[in-house]
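In: What follows is a predicted structure for the sequence shown.
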Amino acid sequence: MSADNATPIPTDQEFQLFQQLIQQKLGIFLPVQKKALLSNRLWKRLQACDLKGFGEYYRFIQSPQGRGELSTALELITTNETYFFREQKHFDYLQDEILPNYRPGHSFRVWSAASSTGEEPYSIAMVLKDRCNCDWELLCSDVNRTVVEQAKIGIYPDMRVRNIPPEYLRRFCRKGVGPQTGNVRVIAELRQAVQFFTLNLHEDFPDLGKFDLVFLRNVLIYFENDNKTKILERIADKLNPGGILFVGHSESLHGISNRFVPVKPAIYRLVGR
């Protein structure tokens, strides 16, 4: 059986093996409804490794010889759907409510904790560059090394930048010419102001210092409640008192963490213990 008469679907037993592996390595729970997604993401890798089935591929990536391939498989499975100025109300709140009330003389620190291919971080950077009257620092992380490298380059097709406000598009982006016709690149000044690195939210965080604002949007939905609570606890420990956390509009912290109180939909403030 296959979803498209070309790509085989793993058996229930094979899917369970990958499901357990993904949860162990990334903390992400992959429901059975994602069996076709797993197949579509990994089938070309099976072919590239000259392996005949998902069971054989699983055994390979679990072997010492397949360690590099394991990293590739995990990167392919992680979802990276994003776009510029996604959930515009968050950016409105940043520029209208947070930044005008920020005390001068201190550096404003932001962490984009699931930065994907860079659209979210560069959207944040545009607002900070335009509206922040103090020094600012923007750290951006993702578990997927490939998308982190893409984000550092900062090149996007024209159709991907449609949500950037025209004034920001003019100031902070440059149209490609020659081989890059049809693409747009974020200006060097903005790219150099953003720090990208790989980080697995399922593992202990490195010493990143304290932040005033954390973007953790549209990623908690991939974790079960126990892992959500652990991640939010670590995020809370990285926020300054009264710090703000943005999550996705389809996400809620109700019953998951008592470290935050809601401010507006999908916007939370850290509370003291």
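Out: Alright, I've got the coordinates.
In: can you list the domains in this structure?
Out: Per automatic domain parsing, the structural domains of the chain span 12-77, 88-270.
In: okay, those in TSV with mean neighbour count next?
Out: All C-beta spots, glycine's among them, are computed from the backbone N, C-alpha and C. Listed next are those as TSV, based on neighbours: other CB atoms under 10 Å:
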stretch	mean neighbour count
domain 12-77	16
domain 88-270	17
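In: weakest of the ones you listed by average pLDDT?
Out: Among the domains of the chain, domain 12-77 carries the lowest mean pLDDT, a mean of 89.
In: most residues in a single strand of the protein, which one?
Out: strand 239-247 (DSSP state E).
In: Output that one in CSV with nothing but the alpha carbons.
Out: This file holds the C-alpha atoms of strand 239-247, laid out as CSV (Å, rounded to 0.1, in the frame of the first residue of the first chain):
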residue,chain,number,x,y,z
LEU,A,239,13.2,35.0,31.4
ASN,A,240,13.7,38.2,33.5
PRO,A,241,11.0,38.9,36.1
GLY,A,242,7.9,40.0,34.3
GLY,A,243,9.3,38.7,31.0
ILE,A,244,6.9,37.9,28.1
LEU,A,245,6.3,34.6,26.3
PHE,A,246,4.6,34.4,22.9
VAL,A,247,3.2,31.1,21.9
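In: That one pairs with which strands, parallel or anti?
Out: strand 211-216 (parallel), strand 267-270 (antiparallel) (DSSP bridges).
In: Which one of these lies nearest to residue 171?
Out: Among these, strand 211-216 comes nearest to residue 171, with 21.7 Å by CB to CB.
In: Surely residue 251 is within a strand?
Out: No - Residue 251: not assigned to a strand; according to DSSP: H, G, I helix; E, B strand; the rest coil it is coil.
In: what sits against it?
Out: Counting by CB atoms under 8 Å, 6 or more residues apart in numbering, residue 251 makes contact with 217-218, 220-221, 266.
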